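>>> sequence-free structure coming up:
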């Protein structure tokens, strides 16, 4: 089935993602812009279910979500495994976008009002604090990217994508030692920028 | 060039590159050694030294900075509504006592039947979700699937109805603990055999009625105070070939359900490939759970989700008897056949129940 051209068997969503991923890997930057919305929608859907259920749990595992989105969008087999690393990178960008958008929205809007049956003040405070932290980090990360693009990506993958050192190394095609060093330097730089408030 | 699009080239300024290098070297040194190193590396360059020292200070004070994901924000993004019902509120013949768990589509409450004085687990589909005809239909089908099953090892559906708060399903309340909780402590081979026999009988009855569970995991199996196993959450159950519902059940945690339903570590290889669930895929999931129950170790354990995927797909688990000497060859053979990568090679659930029953003493 893989030998058949797309035009002969109808385009599956997974094919589209795979095609865009390989175009992007081949240096086509436009492909990324087409890819993000596809991944974004999917991650948002999956995250809604997974995090919705896990709220009481403290274990939030974005990396599991990304794996699941990946299986769903790209599917299985050798072809899929080759582009997995790039998918992680795209998915982490999308996760960052999802959270930043939400942080902006939740700070902009006055929450509550009306008939809440359960007071959630405490939760609200944590949310507002994290919303401010995420936005501050996002801005600092933009500045950091102009100084050192790869390290900014390491932070994006580790923090927003929840990837391990090993997965980050695979996604960026660098060694785990380099990731460890990048991560250390990036955290120090960002902690200094942000006054290390979110300890 | 492969990877170029991901930005493998570092793209960093020369000044920063030097700062980073000195910082990383200095951070590995302490006290006088660090001072001596900085004297040498930054000789005559006060600016470089100040930059490196500020990074060293930030590094020492950073604590757990960036280690934990922004979980409150993430949870808020997805779960904006507070619980629909407060304690004391009435739904049909039931009075709500407390919130047990919440999922994407609704909540599960502990409630009490005011007439009979009996406790129930009340599953509620939120009102705004009932406006979604598709969600309402699926909820109703779940209720029907649950109502079809009448077995001592399957949690019993009591009533399905519509109240102001939304559609609800009242189910038998199970006082006890999930297998997941019990598995944190020591489980004797005798207990493991007893519990898995009971669960197998429940699953076999469901399969005979044409109903799949589709999300078998230790969180969905309970042991009540009398020692009876109760299977929870036929929420993903498929009846007559139709998908029923994706809502999570009482007391279970962390199901990631989507088009790709089921909980990842207990999914069969064919489900991971995106194929349709069958009775054989339930057998596989149950095999994983029972393996873990007997040995204390997941048959496809791995450090990352991807390792688990790959193990489910490619690895044959070690014989349980190698992990626990009391396990007999007969049980070894049964568990490994349940975990066969080929669905056709797995025994039917009734077979599993019979073979477990024939094992005397582990």
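Yep, it's here. Note that this is a predicted model, so its numbers are computed, not measured. Numbering: from 1, shown residues only, chains lettered A, B, ... in the order given.
>>> pull the distance from stretch B:16-33 to the chain's centre.
43 Å (CA atoms, centre = their mean, to the nearest Å).
>>> do stretch B:111-122 as well
Using CA atoms, centre = their mean, the offset of stretch B:111-122 from its chain centre is 28 Å.
>>> what residues of it count as buried?
Neighbour-count burial for stretch B:111-122 flags B:111, B:112, B:113, B:119, B:120, B:121, B:122 (criterion: 16 or more other CB atoms under 10 Å in any protein chain shown). Heads up, the C-betas are built off the backbone N, CA and C, glycines and all.
>>> could you do stretch B:273-286 as well?
By neighbour count on 16+ other CB under 10 Å, the buried set for stretch B:273-286 is B:277, B:278, B:279, B:280, B:281, B:282, B:283, B:284, B:285, B:286.
>>> and if you look at stretch A:171-190?
A:171-172, A:174, A:178-179, A:181-190.
>>> same question, stretch B:158-168
Of the residues in stretch B:158-168, B:158, B:159, B:160, B:163, B:165, B:166, B:167, B:168 count as buried by neighbour count, 16+ other CB under 10 Å.
>>> could you dump these to JSON lines with distance to chain A and pLDDT?
Output for the buried residues of stretch B:158-168, formatted as JSON lines (distance: CB to the nearest CB, whole Å; pLDDT from 0 to 100):
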{"residue": "B:158", "distance to chain A": "24", "pLDDT": "88"}
{"residue": "B:159", "distance to chain A": "23", "pLDDT": "88"}
{"residue": "B:160", "distance to chain A": "22", "pLDDT": "86"}
{"residue": "B:163", "distance to chain A": "15", "pLDDT": "82"}
{"residue": "B:165", "distance to chain A": "10", "pLDDT": "76"}
{"residue": "B:166", "distance to chain A": "14", "pLDDT": "78"}
{"residue": "B:167", "distance to chain A": "18", "pLDDT": "84"}
{"residue": "B:168", "distance to chain A": "16", "pLDDT": "87"}
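>>> among these, which are in strands?
The members of those that map onto strands under DSSP state E are B:158, B:159, B:160, B:163, B:166, B:167, B:168.
>>> now do the contacts for the third one.
In this case it means residue B:160. B:140, B:143, B:144, B:147, B:167, B:168, B:169, B:170 (CB atoms under 8 Å, 6 or more residues apart in numbering or on different chains).
>>> out of those residues, which is nearest to chain A?
Comparing the contacts of residue B:160 against chain A with CB to the nearest CB places residue B:168 closest, at 16.4 Å.
>>> OK, contacts around that closest one?
Taking CB under 8 Å, 6+ apart as the test, what residue B:168 contacts is B:91, B:92, B:94, B:122, B:123, B:124, B:125, B:160, B:161, B:162.
>>> ok, residue B:161 next?
When contacts are counted by CB under 8 Å, 6+ apart, residue B:161 is found next to B:92, B:167, B:168, B:170.
>>> what does residue B:87 give?
Per CB under 8 Å, 6+ apart, neighbours of residue B:87: B:96, B:97, B:98.
>>> next one: residue B:153
By CB under 8 Å, 6+ apart, the contact set of residue B:153 is B:198, B:199, B:201, B:202, B:205, B:228, B:229, B:230, B:231.
>>> out of those residues, who's the most crowded?
Across these, the neighbour count under other CB atoms under 10 Å in any protein chain shown reaches its highest value at residue B:199, namely 29 neighbours.
>>> identify the residues contacting the host helix or strand of that residue?
Residue B:199 is part of helix B:189-208 when elements are defined by DSSP states H and E. With CB under 8 Å, 6+ apart as the test, helix B:189-208 has contacts from B:149, B:151-154, B:179, B:212-213, B:216, B:221, B:223, B:227-231, B:234, B:237, B:279, B:282, B:286, B:290, B:293-294, B:324, B:326-327, B:348-350, B:352-353, B:356-357, B:359, B:361-362.
>>> show me those residues that map onto strands.
Reading strands off the contacts of helix B:189-208 with DSSP E, I get B:212, B:221, B:223, B:229, B:230, B:231.
>>> the residues you listed: which two are farthest apart?
Farthest apart among the ones in strands among the contacts of helix B:189-208 by CB to CB are B:212 and B:223. That separation is 22.6 Å.
>>> where are the low-confidence patches of the stretch 51-200 of chain B?
The stretch 51-200 of chain B contains residues with pLDDT under 70 at B:71-72, B:74-84, B:101-106, B:126-135.
>>> which residues of it fall in strands?
B:90-91, B:94-102, B:106-113, B:118-126, B:157-163, B:166-172, B:176-178 (DSSP state E, counting those that start in this stretch).
>>> sheet partners, orientation included, of the third one?
Just to be clear, that refers to strand B:106-113. strand B:94-102 (antiparallel), strand B:118-126 (antiparallel) (DSSP bridges).
>>> please apply the same query to the first one.
Each strand paired with strand B:90-91, and its direction, by DSSP bridges: strand B:94-102 (antiparallel).
>>> let me know the angle separating the partner strand from strand B:166-172.
90 degrees (axes from the mean of the first three to the mean of the last three CA atoms, to 10 degrees).
>>> what sits against residue B:92?
When contacts are counted by CB under 8 Å, 6+ apart, residue B:92 touches B:159, B:161, B:163, B:168, B:170.
>>> swap in residue A:141?
So residue A:141 contacts A:152, A:155, A:156, A:190 (CB under 8 Å, 6+ apart).
>>> my read: the second one touches residue A:183, true?
Yes: using CB atoms under 8 Å, residue A:155 is in contact with residue A:183, at 7.5 Å.
>>> quick check: closest non-adjacent residue to residue A:176.
Sequence neighbours aside, residue A:169 is the residue nearest to residue A:176 in space, at 4.5 Å (criterion: CB to CB, 6 or more residues apart in numbering or on different chains).
>>> do the same with residue B:57
According to CB to CB, 6+ apart, the nearest residue to residue B:57 is residue A:192 (7.7 Å).
>>> was I right about the one you found contacting residue B:52?
No: taking contacts as CB under 8 Å, residue A:192 lies outside contact range of residue B:52: 11.1 Å.
>>> which one of the two is surrounded by more residues?
residue B:52 (25 against 19).
>>> so where is chain A shaky, pLDDT-wise?
Using pLDDT under 70, chain A drops low at A:1-16, A:25, A:29, A:32-33, A:36-83, A:108-124, A:196-199.
>>> please, where are all the helices along it?
Using DSSP state H, the helices of chain A run over A:6-9, A:13-25, A:29-54, A:62-73, A:78-82, A:84-108, A:121-147, A:149-155, A:165-172, A:176-193.
>>> give the buried residues for the longest one.
For helix A:121-147, burial by neighbour count (16+ other CB under 10 Å) applies to A:123, A:126-128, A:130-134, A:136-138, A:140-141, A:144-145, A:147.
>>> tell me what angle it forms with helix A:84-108.
Relative orientation of helix A:121-147 versus helix A:84-108 (the same axes, to 10 degrees): 130 degrees.
>>> between helix A:121-147 and helix A:176-193, how big is the angle?
Computed by the same axes, to 10 degrees, the angle separating helix A:121-147 from helix A:176-193 equals 110 degrees.
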